[in-house]
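Student: could you look at this predicted model? Sequence included:
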Amino acid sequence: MDAARANSWTVLIYTSASHDLEKAVTQSLEEITRQGTPQDVRVVAQMGSQGSVQRYQLHQVVQPRPLGERRPADMTEPEELQRFLGWGMEKYPAEHYAIVLGGHGAGFAGAVTDSQRRRMISLPDLEKGLGELPRRPDLVVFNTCLMAQAEVASQLHTVSDHLVASQSELRGLGLPLATWLQQLPNLAGGSQAAAQLVQASEGLSERAPAVASIDLRRWPQLQSSLDELAGRILDAPGSAPRLRQHIQQQPDLWPHAQDRPLVDQIDLAGLCRAWQNDRQLPEDLRRQAGQVGLLVSQLCRSSQETGGLSAYLPDQSNGPFIDQIYARLRFARETRWDEALQSLSSGLLDH
């Protein structure tokens, strides 16, 4: 075991290659070894496929090098995630740690599916898996779709200081991890590393659109402001039709209509801007929407014109299954956002 070196990084990639992603996940790991990694960056991965897992060394090798034997395991178990991360931190000590979660993502519903896409790790279980590690990671990266979301930030601000994810759909090999890794030795901490990954994603909209960094250290301030906005919505039931109209007019971040309402996530800054500028809405609601939009701009940096943070706001009825998932979230427990959602959707018919 090597000792941690000044400004050294260990990157731990936990990625599930479900049946439709196995080729892309394999190629993304090969891309890292093909471009190579700097001396002060160690990269290891655990890849799950077809009900089994294999660990790989990706630093200072020309192709992913297996570590140990392939074994049966369920990547959706938080204990499996915790075992891999704890092992990686112990075996590859560093000054800074980044955790990359790969595979499929579904915003507040979770991420990292099993090989058959029947289960995924819920946000509460992700928090559990990340919350009992030897070291607090400098940043958590989702190399998945749809995880730059308020509900995700709320759940994970207890376990990391920075989050990088996409508001939209990742394609192909996803985030440009190989390019980003080249710069890590020059970056002192999670803030710089998060900003660099967003910068590396700029110009790659065909592969990694709407990638954003979120400063989780300041999340409680934004969450408090969102809770206040939810209260303003609840205090103005007569404004619900007008508020819903703006929700329906927002651009879709997810292009696959068949997956709705689960993926009805809306760019928060864009929606708040629309609410703030609508003089038919109550003044206190408009003012609070403007405050939320301002805080989003301060906490987030996006690779595209979106504000960098989404929130769940369906323009149709959720259904009991989705409501049950949402009710488990820290965001639902600590804010009135779920009550505001119910208020806004109470008059809607299923599409």
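Tutor: In hand now; what should we look at? These numbers come from a predicted model, not from an experiment. Residues are numbered from 1 along each chain as shown.

Student: which residues belonging to stretch 328-335 are considered buried?
Tutor: L329, R330, F331, A332, T335 (16 or more other C-beta atoms under 10 Å). For the C-beta atoms, the positions are set from N, CA and C on the backbone; glycine is no exception.

Student: what of stretch 75-93?
Tutor: For stretch 75-93, a neighbour-count test (16+ other C-beta under 10 Å) marks 75-76, 78, 80-82, 84-89, 92-93 as buried.

Student: ok, now stretch 265-273?
Tutor: Q265, I266, D267, L268, A269, G270, L271, C272, R273.

Student: okay, now the residue lying closest to D267 once chain neighbours are set aside: neighbour count?
Tutor: In space, D267 comes closest to T306 once its chain neighbours are excluded; the distance is 4.6 Å by C-beta to C-beta, 6 or more residues apart in numbering. Per other C-beta atoms under 10 Å, the neighbour tally for T306 reads 24.

Student: so can I have a markdown table of the buried residues of stretch 75-93 showing distance to P241, secondary structure and pLDDT?
Tutor: Output for the buried residues of stretch 75-93, formatted as a markdown table (distance: C-beta to C-beta, whole Å; DSSP: H, G, I helix; E, B strand; the rest coil; pLDDT from 0 to 100):
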| residue | distance to P241 | secondary structure | pLDDT |
| --- | --- | --- | --- |
| M75 | 44 | coil | 95 |
| T76 | 40 | coil | 95 |
| P78 | 41 | helix | 94 |
| E80 | 46 | helix | 96 |
| L81 | 43 | helix | 97 |
| Q82 | 46 | helix | 97 |
| F84 | 49 | helix | 98 |
| L85 | 47 | helix | 98 |
| G86 | 51 | helix | 97 |
| W87 | 54 | helix | 98 |
| G88 | 51 | helix | 98 |
| M89 | 51 | helix | 97 |
| Y92 | 55 | coil | 96 |
| P93 | 57 | coil | 96 |
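
Student: re the thing from before, select from the buried residues of stretch 265-273 every entry located in strands.
Tutor: Residues of the buried residues of stretch 265-273 located in strands (DSSP state E): Q265, I266, D267.

Student: am I right that the second one is in contact with T306?
Tutor: No. Under the contact definition of C-beta atoms under 8 Å, I266 does not touch T306, with a separation of 10.0 Å.

Student: how's the protein carved up into domains?
Tutor: Domains of the chain are assigned by automatic domain parsing as 9-217, 220-345.

Student: how distant is the first one from the center of its chain?
Tutor: Taking C-alpha atoms, centre = their mean, to the nearest Å, one finds the center of domain 9-217 at 10 Å from the center of the full chain.

Student: end to end, how far does it reach?
Tutor: 20 Å (C-alpha to C-alpha, to the nearest Å).

Student: what does the shortest one give?
Tutor: Terminal residues of domain 220-345 are spaced 26 Å apart (C-alpha to C-alpha).

Student: ok so, going back, OK, contacts around the residue nearest to D267?
Tutor: Q167, S168, A210, A212, L253, D267, A269, G270 (C-beta atoms under 8 Å, 6 or more residues apart in numbering).

Student: name the residues contacting each of I266 and T306.
Tutor: With C-beta under 8 Å, 6+ apart as the test, I266 and T306 both reach L253.

Student: switch the buried residues of stretch 265-273 over to JSON lines; also include pLDDT and distance to L226.
Tutor: Formatted as JSON lines, the buried residues of stretch 265-273 follow (pLDDT from 0 to 100; distance: C-beta to C-beta, whole Å):
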{"residue": "Q265", "pLDDT": "94", "distance to L226": "14"}
{"residue": "I266", "pLDDT": "96", "distance to L226": "13"}
{"residue": "D267", "pLDDT": "97", "distance to L226": "14"}
{"residue": "L268", "pLDDT": "98", "distance to L226": "8"}
{"residue": "A269", "pLDDT": "97", "distance to L226": "12"}
{"residue": "G270", "pLDDT": "97", "distance to L226": "15"}
{"residue": "L271", "pLDDT": "98", "distance to L226": "12"}
{"residue": "C272", "pLDDT": "98", "distance to L226": "10"}
{"residue": "R273", "pLDDT": "98", "distance to L226": "15"}
